[in-house]
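Engineer: My questions are about this predicted structure, shown below with the sequence.
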Amino acid sequence: MDYNKQIKHLTDHPDYIYENWSASLGLFKMAGEKSPHSSSNLIVGCLTMIRSEPDRFGVFIKGELDVELSKALVEDERIPTSVDSIKVEHLPAFKEWQEKIDNLNK
């Protein structure tokens, strides 16, 4: 999904934010994929899940937990900790994080 198109759509129709989040679409997709051989006890979560429950969820790069990136995300207050708090003004921060994660997972 094109993040800019999704931002435009959600800006025009903010009532679809929850629907996109619950479907893990684009800006709200999981932060990487966990390798079945990963030694981490954390699981992959979306950005809001990682911020709200850092002891349960993390960012995974090429199958492995990225502790520093997960910590940086937890400290980024531009990402709300619940879907009910996500507003249009937060979407650029979601895009920034997803692009970073996408690039590191190439």
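Structural biologist: Happy to help now that I have it.

Engineer: Okay, strands next: where are they in the protein?
Structural biologist: Ranges of strands in the chain, per DSSP state E, are 43-44, 57-58, 60-61, 64-65.

Engineer: Of these, flag the one that's most buried.
Structural biologist: Compared across those, strand 57-58 shows the largest average neighbour count, a mean of 26 (mean count of other CB atoms under 10 Å). C-betas here are computed from N, CA, C, even on glycine.

Engineer: Show me which positions of the biggest helix by length in the chain end up buried.
Structural biologist: Using DSSP state H to define each element, the chain has its longest helix at helix 91-104. Across helix 91-104, burial judged by 16 or more other CB atoms under 10 Å covers L91, A93, F94, K95, W97, Q98, K100, I101.

Engineer: Quick one: distance of it to the chain centre.
Structural biologist: A distance of 8 Å separates the centroid of the chain from that of helix 91-104, by CA atoms, centre = their mean, to the nearest Å.
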